[in-house]
Structures are given as structure tokens and as C-alpha cells.
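> need a structure here:
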Amino acid sequence: MLKLKLHWQILIAIAAAFLVGGVVNFAGDATWAKAIVNAGEFIGTFFLNALKMIIVPLVLSSIICGVAGMGKGADLGRLGAKALSFYALSSTIAILVGLLVVNVMTPGEINGEPARDQLNLSSTEQVDQQLAKVEGRGLGDVAAVFLRMVPPNLVEAAAEGQMLGLITFGLLFGFFMVRVAPAASETLMNFWTGVSEVMMKITMLVMKFAPLGVFGLVTVTIAGTGLEILANLAVFFFTVTFALAIHVLVVMPLLLRYLGGVKNPYRQIAFMAPALLTAFSTASSSGTLPLTMDCVEKNAGVSKRTSSFVLPLGATINMDGTALYECVAAMFIAQAYGLDLTIGVQFTIVLIALLTSIGVAGIPSASLMAITVILTAVGLPLEGIGLLLVTDRILDMMRTAVNVFSDSCCATIIARTEGEKTNFE
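Residues are numbered from 1 along each chain as shown. This is a model prediction of the structure:
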């Protein structure tokens, strides 16, 4: 029996949701139409609740294991320091590019007005109160962001969805976990590895129901707005695409040129073409890793010593395209609700996008999880995720290709700073 891959199931679910939602929208106030909408709301809410349920243990265990897996120092030597520095730099630039583009293009507005009604976003009193708390934050909240990184009560922070504190704790715990007595370190490593593996299995279980969740969320959206939503989401789609293009065609070549001394940095795209096409078609950085290493070594001329360390690390923690998308998506939802986010809130989005792109990069549908974390931390309603699902599959393919390209650029830059002879000469 033919078993469709998850992304095909989700695409079919989206197509079915457009069909059913369009029919319901045409039917108007018919009893059966209301019943379908209610069922869609139930399914969509159930799916979002399942995502929220696994966020805290999943993010915490992923970060602890990821940091601990880097070791005490053997892997964090010269190559490790260079790789981590580049990954932090490129991801930060990617997020800032996304933030700049989304503020200029304002995809969440239509004719200068918030697209809340056109996108069928809720207008309940509870949602309005939640939004008022977000909009009321000022410049002083930049300092508050750092305070939230060190919560006085970790359990309370987890219960309230304050992910910054949990992420900070995870980074510190993972770092020091491998620096205690070997017996204790091994016990802790086994425990958190077990938690991480269990959470991955639970995540896989939840994601098996993603097509149903997507169907419910998108059906409700289409039923409320009609097919006009495609036009409303077009600006968001091109905003993300334009920002990703800037990162690949402008930012990465500049880093190759000035950090790696590559005279013709655009050759990197040609060298990596097979890996980029594979990443685009599979939407999997980890699945593309063998081909990425092959292209970097044979086409770009990077040594196996460098590529075998830098690329697996990058496939785990370096997600430029994902981080950029998370930032743009959160800002898009805020704009659609009519929020004028202050520097403090935007700084929070940038910081969490950077940290979550590291913490949940290795899981299926990582961006969906990360955006859930960001929206929860900032205080935005999670219903906006239903909008993102409409265009997510194609954008997921694009940002995965960007992730892989950034990893390859890092390998090339480090190889050249190590004095290796590459194929750019």
C-alpha cells in the first residue's frame, strides 16, 4: 500500500481545506456549514493544544543535549569557535534582514490598514486584552527581556510560556552538565538524551495528525474569508521570498568575499547547486547533509577535516532561513492584528528567533514549533499559525535551501581562513 510522505499529506489537506472552506463560505449561514466550521475549529484547536503541550520539554531537552553534545572543549577548539561565531553572525544578520524587509513591505496591512478582518482573525474580548498587553510594552522592555532570561521561578516560567528563561537555563545546564564528575555527567546525559528521544517520538506522533490540524485551521480561515485570502497572503509570501533572496544573493556573497577572501563568491552557488536543489525538493537539511558534504569537498575543494566538522554542526544549529522566516511570520501576524510593536518587543522577537533556530532545528516542522514559541513568548494569539500553513510548504523548501547554503559558506570561509587551497583560485 502506497504511503504518502507527510508533506504530500499536508499539501492534500490544504487543497481539501480550500475546497471545503470555499463551499462553506459560499453556503453562508446554512446549518451544515456552521457545523463544518465548528468541527474545523475543534480540530485546529486540538492540534494547537498538542503543539503547546510538547513545547517546553522538547525545547529544553533539545537545547541541553545540543550544547552538551559539543563536548568539553575538544570540539570547541579553533574550528568550533570559528564555526559557532559564523553561525551566530549569519543567523543574526538573516533575522535583521527579515525584520527590515517586513517593516518596509508591511505584509500584514492592506491599503494601510491591518488585515485582521480580511484574514478572519478573532476579535474576542480575551484576544483584545492579550493584544493590549503586547502593544503596551515600551522601550524599557529591552531591559526586561534580559530579566526574563533569568526567571526567579523556572517552573512558573514554564507554566506561563516564558521561553527565554527556559532557553537560558537549557544553555547553562547543557554547558556545565559535561563539566561535572564523569559518573554524574554520564547519568545526566543519558537522562536528557532519553527525554529528547521520547519528545521526538511524541512530536512525530503529533505531526502525524498535522494534516488534520492543517485541514481544520485552513478550512476555518477559508470559510471566513473566501479565496480572497490568497491575494492577502501573496504579499507575505513575496516578503519572505525577497528577504531570503537578499540573504543568499547579497549577505552570503559579502561574507564570502570579506571573511573568506573569495574573489567570485557567486561560484559557491554553482558549486552547491545539486545540494541546494535536493534541499529545496526535500525540505530537509539533515537529509541533504551527505550531498552537501560531497559538493563542498569535491566542487568547492574544502578538506574533509573541515567539512566533516562544520557541516554536521551547521545542519543541527545553523538555520538562517528558518530564523529569518520566524521573525517575518511573527511580525506579519502582529501587523495583521494592527499592533505597532515597539523596539523592545521586536528585539524580543529577534532574540527568541535566534535562540529557537538553534534549539528546535533538528525536529520535524521545526519552524512551526519555533513560531509557536515566539508567539507565546511575545503574547500573540496562536490562531495566526493557521494563516502561515497556507503558504508554508513552498516557503519551507526555500528556507531549507538557504539553511544548506549558509552551512556551505561557513565551511568555505573556515577552510580559507585555515589556509586550505580551495577551487575558487
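> quick one: residue 337 from residue 383, how far?
Separation of residue 337 from residue 383 (CB to CB, to the nearest Å): 10 Å. Just so you know, the C-beta spots here come from the backbone N, C-alpha and C atoms, and that holds for glycine as well.
> between these two, which one's more packed in?
Under the criterion of other CB atoms under 10 Å, the comparison of residue 337 against residue 383 puts residue 337 first, with 24 against 21.
> Figure out the length between the terminal residues of stretch 269-289.
One end of stretch 269-289 to the other measures 16 Å (CA to CA, to the nearest Å).
> list the buried ones in that stretch?
Using 16 or more other CB atoms under 10 Å as the test for burial, stretch 269-289 gives 269, 271-272, 275-276, 278-280, 282-285, 288-289.
> and which of these is nearest residue 262?
Checking the buried residues of stretch 269-289 against residue 262 by CB to CB gives residue 271 as the nearest, at 10.8 Å.
> show me what contacts the closest one?
Contacts of residue 271 were listed using CB atoms under 8 Å, 6 or more residues apart in numbering, and they are 295-296, 299-300, 408, 423.
> neighbour-wise, which of those residues leads?
Neighbour-wise, these (other CB under 10 Å) top out at residue 296, 30 neighbours.
> residues contacting that residue?
Contact analysis of residue 296 by CB under 8 Å, 6+ apart lists 271-272, 302, 307, 311, 408, 411-412.
> in the stretch 251-400 of the chain, which spans are helices?
Along the stretch 251-400 of the chain, the segments classed as helices by DSSP state H, counting those that start in this stretch run 252-259, 267-271, 273-282, 285-294, 304-317, 320-336, 343-359, 366-378, 385-417.
> what mean pLDDT would you report for the last one?
Model confidence over helix 385-417, given as mean pLDDT, is 86.
> got the buried residues for that helix?
Residues of helix 385-417 classed as buried: 385-392, 395-417 (neighbour count, 16+ other CB under 10 Å).
> follow-up on the earlier one: return the closest of the contacts of residue 296 with respect to residue 179.
Looking across the contacts of residue 296 and measuring by CB to CB, the closest to residue 179 is residue 311, at 26.5 Å.
> What pLDDT does the model give the closest one?
Looking at residue 311, its pLDDT is 83.
> how close does it get to residue 370?
The gap separating residue 311 from residue 370 is 22 Å, by CB to CB.
> Kindly report the same for residue 384.
Counting by CB to CB, the separation of residue 384 from residue 370 is 14 Å.
> Nearest approach to residue 238 belongs to which of the helices of the stretch 251-400 of the chain?
Among the helices of the stretch 251-400 of the chain, the nearest to residue 238 by CB to CB is helix 385-417 (10.0 Å).
> mind listing the strands for the protein?
Applying DSSP state E to the chain gives strands spanning 109-110, 113-114.
> okay, those, which one's buried deepest?
Ranked by mean neighbour count under mean count of other CB atoms under 10 Å, the strands of the chain are led by strand 109-110, which reaches a mean of 16.
> can you list contacts of that one?
With CB under 8 Å, 6+ apart as the test, strand 109-110 has contacts from 115, 118, 232, 335-336.
> Okay, now the sheet partners of it, with direction.
Using DSSP bridges, the strands paired with strand 109-110 are strand 113-114 (antiparallel).
> Excluding its own residues, what touches the strand it pairs with? List them.
108, 335-338.
> Dump those residues to TSV, plus distance to residue 258 and pLDDT.
Below are the contacts of strand 113-114 laid out as TSV (distance: CB to CB, whole Å; pLDDT from 0 to 100):
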residue	distance to residue 258	pLDDT
108	35	84
335	34	86
336	38	84
337	40	82
338	41	80
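> Any of those residues buried? List them.
Among the contacts of strand 113-114, those buried by neighbour count (16+ other CB under 10 Å) are 108, 335-337.
> For the contacts of strand 113-114, give me TSV that also has distance to residue 178.
Shown next, in TSV, are those (distance: CB to CB, whole Å):
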residue	distance to residue 178
108	43
335	43
336	44
337	43
338	47
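> Run through the residues that contact the residue lying closest to residue 399 once chain neighbours are set aside.
Spatially, and ignoring its direct neighbours in sequence, residue 399 is nearest to residue 321 (3.0 Å; CB to CB, 6 or more residues apart in numbering). Contacts for residue 321 (CB under 8 Å, 6+ apart) come out as 94, 244, 247, 398-403, 406.
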